[in-house]
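S.K.: Sequence below, structure please.
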Amino acid sequence: MSLDTDFEVDFEGTVAVITGASGALGSAAVDRFREAGATVCAVDVIAPDDEDSLLERDPTDESALAFYEADLTDEDEVAGLMDTIVDDHGRIDHLLNVAGTWRGGDHIEETDLEEFDLLLNVNLKTAFLAAKHALPHLQETEGAIVGISARSSLEGGEGDGPYRITKAGIRLLTETLAEENRGTVRANCVMPSVIDTPMNRDMMPDADHDAWVDPLEIADVMAFLCSDAAAVTSGAAVPVYGEA
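M.R.: From the prediction side, this is the model:
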């Protein structure tokens, strides 16, 4: 059961920037924040398959949606992106750093530098740059940032060290943002275990899929962390493990 059956969030009049919006979790966050009335600025390096979802709606529509294509590892593009969003919509209230990827299978001595760089750039650099350039606008609105860490970041493991390292970095980035912006911008992150996505089902066809967490359930927690109900919460890493 998702939180919205018992917990209502009202984001009318606010603007949410959601990175990694074309992925399973990103698209769930887009749906959740639109449902709550926010104007959603969906950001990804590639456009979603559904072309209809790219159409910017009437700005008076509380469920307005705009798509922005950007390489979030390029600082100039990220700086321009945030300025463009503010020019288009007047403000930024929520930043959801969902962009990320997974790679694994090799021990450190067998891991190519290209793979390590990919994980560092996509998982951590994107979150750093998005936060850096959204912060001046979030400080004006006393907004919130939510990042995506992972349960596996809590300890070392075999075969997916670079992934765990970058997701641990998200937790430390979150704590740093919370400390540096105490009283203005709240920063939190969620820690999924295995998310129930088509890709994960293909990779692990024999797993207990019923124990995995639906992306919409994680999006509910992200919406809560951006809401006034979580006004006293900043610097947290929130488990969203489900039964996995």
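S.K.: Could you verify my assumption that residue 86 touches residue 93?
M.R.: No. Between residue 86 and residue 93 there is no contact under C-beta atoms under 8 Å: 11.2 Å. Yep, even glycine has a C-beta here, placed from its N, CA and C like the rest.
S.K.: Just want to know which of those two has more residues nearby.
M.R.: Neighbour count, other C-beta atoms under 10 Å: between residue 86 and residue 93, residue 93 has more, with 22 against 18.
S.K.: So what's the residue count around the spatially closest residue to the more buried one that is not a sequence neighbour?
M.R.: Among residues not flanking residue 93 along the chain, residue 14 sits closest, at 3.8 Å (C-beta to C-beta, 6 or more residues apart in numbering). Residues lying near residue 14 (other C-beta under 10 Å) number 22.
S.K.: any idea how far residue 226 is from residue 14?
M.R.: Distance, residue 14 to residue 226, using C-beta to C-beta, to the nearest Å: 9 Å.
S.K.: got any residues that touch both of those two?
M.R.: Common neighbours of residue 14 and residue 226, using C-beta atoms under 8 Å, 6 or more residues apart in numbering, are 93, 94.
S.K.: So in the protein, which helix runs the longest?
M.R.: Ranked by residue count under DSSP state H, the longest helix found in the chain is helix 161-180.
S.K.: Give me the three-state assignment for the residue in the chain sticking out farthest from the centre.
M.R.: In the chain, the residue that sits farthest from the middle, by C-alpha atoms, centre = their mean, is residue 109; the gap is 30.4 Å. When classified by DSSP: H, G, I helix; E, B strand; the rest coil, residue 109 comes out as helix.
S.K.: who touches the spatially most central residue of the chain in this structure?
M.R.: Centroid-nearest residue in the chain: residue 98, 2.3 Å away (criterion: C-alpha atoms, centre = their mean). When contacts are counted by C-beta under 8 Å, 6+ apart, residue 98 touches 18, 19, 20, 21, 23, 25, 26, 29, 148.
S.K.: Including distance to residue 192 and neighbour count, could those residues go into a markdown table?
M.R.: Formatted as a markdown table, the contacts of residue 98 follow (distance: C-beta to C-beta, whole Å; neighbours: other C-beta atoms under 10 Å):
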| residue | distance to residue 192 | neighbour count |
| --- | --- | --- |
| 18 | 16 | 29 |
| 19 | 16 | 31 |
| 20 | 13 | 26 |
| 21 | 17 | 26 |
| 23 | 12 | 20 |
| 25 | 8 | 26 |
| 26 | 13 | 25 |
| 29 | 12 | 31 |
| 148 | 7 | 26 |
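S.K.: ok, which pair from these is furthest apart?
M.R.: Farthest apart among these by C-beta to C-beta are 21 and 148. That separation is 12.7 Å.
S.K.: doesn't residue 82 fall inside a strand?
M.R.: No. Assessed with three-state DSSP, residue 82 is helix; it does not lie in a strand.
S.K.: contacting residues for it?
M.R.: Taking C-beta under 8 Å, 6+ apart, one finds 17, 92, 130, 133, 134, 137 in contact with residue 82.
S.K.: ok, those vs residue 154, which is closest?
M.R.: Among these, residue 130 lies closest to residue 154 (C-beta to C-beta), at 23.6 Å.
S.K.: Show me what the strand or helix carrying the closest one is packed up against.
M.R.: Taking DSSP states H and E as the definition, residue 130 sits inside helix 126-141. Helices and strands touching helix 126-141, by 3 or more C-beta pairs under 8 Å, 6 or more residues apart in numbering; DSSP states H and E, are strand 15-19, helix 75-89, strand 94-97, strand 144-148, helix 161-180.
S.K.: let's see it at 6 Å
M.R.: On a contact count with 3 or more C-beta pairs under 6 Å, 6 or more residues apart in numbering; DSSP states H and E, helix 126-141 meets helix 75-89, strand 94-97.
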